[in-house]
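Enquirer: Take this sequence and fold it.
(chains A and B, ligands or ions: 1)
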Amino acid sequence: MSAHADTPAIPISFKRRAHDAVHDAQLRKNFRGAMDFLMAKRAAQFPDGDELERLRAFGNRVRARALSKLPDLLQRLEANLTRNGVKVHWAETVDEANAIVHQIVAAHEAKQVIKGKSMVSEEMEMNHYLEGHGVDCLESDMGEFIVQLGNEKPSHIIMPAIHLNAGQVASLFHDKLEVDYTEDVDRLIQIGRETLRRKFFEADIGVSGVNFAIAETGSLLLVENEGNGRMSTTVPPVHIAVTGIEKVVENLRDVVPLLSLLTRSATGQPITTYVNVISGPRKADELDGPQEVHLVLLDNGRSQAFADSELRQTLNCIRCGACMNHCPVYTRIGGHAYGTVYPGPIGKIVTPHMLGLEATRDLPSASSLCGACGEVCPVKIPIPAILRRLREENVRPPAAEPHHMRGQGSKYSRRERYTWKAWRTLNTSPRLYRLFGLAATRLSGLIPADIGPWTEHRSAPKPAARTLHELARDHLGED
Amino acid sequence: MNARDRILGKLKQSLAGTTPIADDYDDALLTAPWSYPAEHRVTRLCSLLQAVHGETVLTTAAEWPARVSEALASRGIDELLISPATAHGQQFAGYLALNGLVTRLKAYDRPVEQWKDELFFSTPASLTGTLGGIAATGSLVVWPTPAEPRLMSLVPPLHIALLKASEVVDNLYQIMQTQRWAERLPTNALLISGPSKTADIQQTLAYGAHGPKELIVMVLQDA
Ligand code: SF4
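Expert: I've put the predicted structure just below:
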């Protein structure tokens, strides 16, 4: 969570926003169409179920192996990047990360920053931070550019403007860029291209994310289709990459299975248009490329997830977005309802580590536990099991040890605890249970019509006139 | 203690008493499903490139300059960014001279800062070599060099790439291993699989987002 009070970083009003989203017909139509499209595209990339399952298992092992030696790999990555001429920085919090970026920006007296797509920079709210320091920060991914133009946040980690249809983008361009209204997507993209080309040209600093950081070679690998990632990392004199500490893999060859899983799961492509492997700034005899390359490694709660072997699996994530594309909840409420940078299933399990459970207490329960996310996840994160675990952390007594998570017990209620204790006693003591059965059937008229949350969406239960035990005894002809 | 030490300290503490997972890399899974008979490799690469609006031209080591010339002429382009320091650059210049053609050849012979404006706004086409192709995904391997810098394959709206048919391999794993990438990666290594594109507006595919609007791959069948 950032320090800016004016940004909606605290997703506490999830229920309210979800309620509104469910009643927004246009939004639901946009998401339904987009998710159906993405699911079909992914399915077409995995015609062989056996290959898919073996590759997922492989992907899971590659990520688990990297995490099993994470501190060593981070140090190797740092050593090799440094050898290659890349400056490595470490940040525990988003404020620290922003300060590091700002220092670099200030050292170059930079006024304009151009950004390739980076979810970690969203996590940092870097645009907002830099603007506060008089630095223009422009998004160059078409989706991010649209979202920024509309003063919105991305609603999907792969397709940021997926909540909008062409007509809505057309109006936005017409209003903000003062171009003729057109719903022709080719024309709209060309308008974006022309606007941004000038900006790549002018920018003092390029910022990007990282898909995989390779310890063995000291390289940063980025995938993309548009070419804006290559532009942002090649044209400006300085390139700053920001990423989470979990993004490291051990060897160059480890990216082969992950790359295949990532592009096929995310957008249903065998590969993206560009795979861009950066291993250093411009050398003396080279004619382009940045003079300086920086990498900012951000923790922001990841080390908390890392500390517990079950929760650690959250960090396997390669940010493909498949879990949200297949989520019945995400499809109905869209990305903004979550109020978090990472929406959908992955957002529900990773955001509590970033913002604490207090601010995210409703997220783990906003799931039917249908299991779709866990089934499609290319690195086999058991998302439903982790959601159940977070529900548990949510109701454990706040002071109970061991303390796994910031905000433990955010939904803890003494009354609920006692109710469940009473329920257990009732069900484990035959005499009490019989008495309860009798009371419930004979006094059923006393059950109020309004019993809290239960009757918000259901009618109140009406017990039968006689208990099941009584009926069974009658049936068997016993007394 | 600084942030680095605190982060590493926490991570190490969390791993105390555990053993790292062994590397059981499964190369068969990355090669077996992605292997093709030699005569199908180029066909597959071409059809995958065409599926994403890449143009492919089957030609020869002697004929390609004529094909490039035709491609430029049909688009009304009369200049080309090409390196005079490479064999293909010299071959193309020789072809133009021999045939009395007037295509203007531009060289990327100075740091980008010295001609950024021209590169960005009045360089319609470029030609580069490649280090090979990948049949599995329809990809070109491009390692920029001082002669053919990074932006050469990115900024001009038309990118023409030369690909030797003999250098088309089955899959990424294979080329990574045979070319020993892990030991010798350049400052920037690229896989290029088509012209620049985006589906960011209502999932509608549009080409020419920020990079080249067109990619033409000249496949030299006898090279
Ligand atoms: S949790 Fe799995 S499915 Fe979801 S974004 Fe991460 S890798 Fe993809």
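
Enquirer: Mind jotting down where the helices sit in the stretch 101-250 of chain A?
Expert: A:119-124, A:126-132, A:142-149, A:166-177, A:185-202, A:228-234 (DSSP state H, counting those that start in this stretch).

Enquirer: want to try a markdown table for those helices, with distance to chain B as columns?
Expert: Where C-beta positions appear, they are placed from N, C-alpha and C, glycine not excepted. Putting the helices of the stretch 101-250 of chain A into a markdown table (distance: least, Cβ to the nearest Cβ, whole Å) gives the following:
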| stretch | distance to chain B |
| --- | --- |
| helix A:119-124 | 14 |
| helix A:126-132 | 17 |
| helix A:142-149 | 4 |
| helix A:166-177 | 5 |
| helix A:185-202 | 4 |
| helix A:228-234 | 4 |
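
Enquirer: nearest to the ligand, of those helices?
Expert: When the helices of the stretch 101-250 of chain A are compared by Cβ to the nearest ligand atom, helix A:119-124 sits nearest the ligand, at 10.1 Å.

Enquirer: In terms of secondary structure, what does that closest one contact?
Expert: For helix A:119-124, the packing partners by 3 or more Cβ pairs under 8 Å, 6 or more residues apart in numbering or on different chains; DSSP states H and E come out as helix A:94-107, strand A:238-244, strand A:292-298.

Enquirer: ok so, going back, pick the most buried one from the helices of the stretch 101-250 of chain A.
Expert: helix A:228-234 (a mean of 29; mean count of other Cβ atoms under 10 Å in any protein chain shown).

Enquirer: related to what we said a few turns ago, using a markdown table, lay out the helices of the stretch 101-250 of chain A together with distance to B:Thr59 and mean pLDDT.
Expert: Output for the helices of the stretch 101-250 of chain A, formatted as a markdown table (distance: least, Cβ to Cβ, whole Å; pLDDT from 0 to 100):
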| stretch | distance to B:Thr59 | mean pLDDT |
| --- | --- | --- |
| helix A:119-124 | 43 | 97 |
| helix A:126-132 | 47 | 96 |
| helix A:142-149 | 34 | 96 |
| helix A:166-177 | 39 | 96 |
| helix A:185-202 | 30 | 95 |
| helix A:228-234 | 27 | 98 |
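
Enquirer: To B:Leu190, which of the ones you listed lies closest?
Expert: helix A:228-234 (7.7 Å; Cβ to Cβ).

Enquirer: For the nearest residue to B:Met152 once chain neighbours are set aside, list the residues it contacts.
Expert: In space, and not counting its chain neighbours, B:Met152 is closest to B:Ser126: 5.0 Å by Cβ to Cβ, 6 or more residues apart in numbering or on different chains. The contact partners of B:Ser126, by Cβ atoms under 8 Å, 6 or more residues apart in numbering or on different chains, come to B:80-82, B:152-153, B:155-156, B:158-160.

Enquirer: ok, the residue nearest the centre of chain A to A:Leu355 distance?
Expert: Nearest residue to the geometric centre of chain A (Cα atoms, centre = their mean): A:Tyr342, 2.7 Å. As judged by Cβ to Cβ, to the nearest Å, A:Tyr342 and A:Leu355 stand 11 Å apart.

Enquirer: and B:Leu127, what are its bridge partners?
Expert: Taking DSSP bridges, one obtains B:Ile160 as the residues bridged to B:Leu127.

Enquirer: ok, it to A:Glu152 distance?
Expert: 41 Å.

Enquirer: and these two? which has more neighbours close in?
Expert: Taking other Cβ atoms under 10 Å in any protein chain shown, B:Leu127 and A:Glu152 do not tie; B:Leu127 has more neighbours (29 against 15).

Enquirer: I figured that one hits B:Leu81, correct?
Expert: Yes: in this structure, B:Leu127 is within contact of B:Leu81 by Cβ atoms under 8 Å, at 7.2 Å.

Enquirer: and A:Pro290, which of the helices of the stretch 101-250 of chain A is closest to it?
Expert: When the helices of the stretch 101-250 of chain A are compared (using Cβ to Cβ), the closest one is helix A:228-234, at 7.0 Å.

Enquirer: Please put the alpha-carbon coordinates of the closest one into CSV.
Expert: Extracted as CSV, the C-alpha positions of helix A:228-234 are listed here (Å, rounded to 0.1, in the frame of the first residue of the first chain):
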residue,chain,number,x,y,z
ASN,A,228,6.7,-0.8,-26.9
GLY,A,229,8.7,-2.9,-24.5
ARG,A,230,11.7,-3.0,-26.8
MET,A,231,11.3,0.7,-27.5
SER,A,232,11.1,1.6,-23.7
THR,A,233,14.2,-0.6,-23.0
THR,A,234,16.2,0.5,-26.0
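
Enquirer: Mind giving me the packing neighbours of it?
Expert: strand A:112-115, helix A:185-202, strand A:205-208, strand A:219-224, strand A:238-244, strand A:274-278.

Enquirer: Quick check: residues of the stretch 251-400 of chain A near the ligand?
Expert: A:317-323, A:345-346, A:376-379, A:381 (Cβ under 6 Å from any ligand atom).

Enquirer: quick one: the residue nearest to the centre of chain A is in a helix?
Expert: No: per DSSP: H, G, I helix; E, B strand; the rest coil, A:Tyr342 lies outside any helix segment and is coil.

Enquirer: Tell me, what's the model's pLDDT at it?
Expert: According to the prediction, A:Tyr342 has pLDDT 97.

Enquirer: pretty sure it is in contact with A:His353, am I right?
Expert: No: counting by Cβ under 8 Å, A:Tyr342 sits too far from A:His353 to count as a contact (10.7 Å).

Enquirer: will you turn the residues of the stretch 251-400 of chain A next to the ligand into TSV that also has secondary structure?
Expert: TSV is the format used below for these (three-state DSSP):
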residue	secondary structure
A:Cys317	coil
A:Ile318	coil
A:Arg319	coil
A:Cys320	coil
A:Gly321	coil
A:Ala322	helix
A:Cys323	helix
A:Pro345	helix
A:Ile346	helix
A:Val376	helix
A:Cys377	coil
A:Pro378	coil
A:Val379	coil
A:Ile381	coil
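
Enquirer: Weed out the non-buried ones from those residues.
Expert: A:317-323, A:345-346, A:376-379, A:381 (16 or more other Cβ atoms under 10 Å in any protein chain shown).

Enquirer: Run a quick neighbour tally on the residue nearest to B:Gly194 when sequence neighbours are not counted.
Expert: Nearest non-adjacent residue to B:Gly194, counting by Cβ to Cβ, 6+ apart: B:Val52, 3.6 Å away. Using other Cβ under 10 Å, B:Val52 is surrounded by 19 other residues.

Enquirer: doesn't B:Ser193 make contact with B:Val52?
Expert: Yes: using Cβ under 8 Å, B:Val52 is in contact with B:Ser193, at 6.6 Å.

Enquirer: Output the helices of the stretch 101-250 of chain A as TSV; include the columns distance to the ligand.
Expert: Converted to TSV, the helices of the stretch 101-250 of chain A look like this (distance: least, Cβ to the nearest ligand atom, whole Å):
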stretch	distance to the ligand
helix A:119-124	10
helix A:126-132	21
helix A:142-149	16
helix A:166-177	25
helix A:185-202	26
helix A:228-234	19
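
Enquirer: With distance to A:Ala25 as new columns, can those helices be given to me in TSV?
Expert: Formatted as TSV, the helices of the stretch 101-250 of chain A follow (distance: least, Cβ to Cβ, whole Å):
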stretch	distance to A:Ala25
helix A:119-124	28
helix A:126-132	31
helix A:142-149	21
helix A:166-177	14
helix A:185-202	23
helix A:228-234	33
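
Enquirer: Backbone dihedrals for the nearest residue to B:Thr187 once chain neighbours are set aside, both of them.
Expert: Nearest in space to B:Thr187, with sequence neighbours left out and distances taken as Cβ to Cβ, 6+ apart, is A:Gly280 at 4.4 Å. Here is the backbone geometry of A:Gly280 (degrees, to the nearest 10): phi 150, psi 160.
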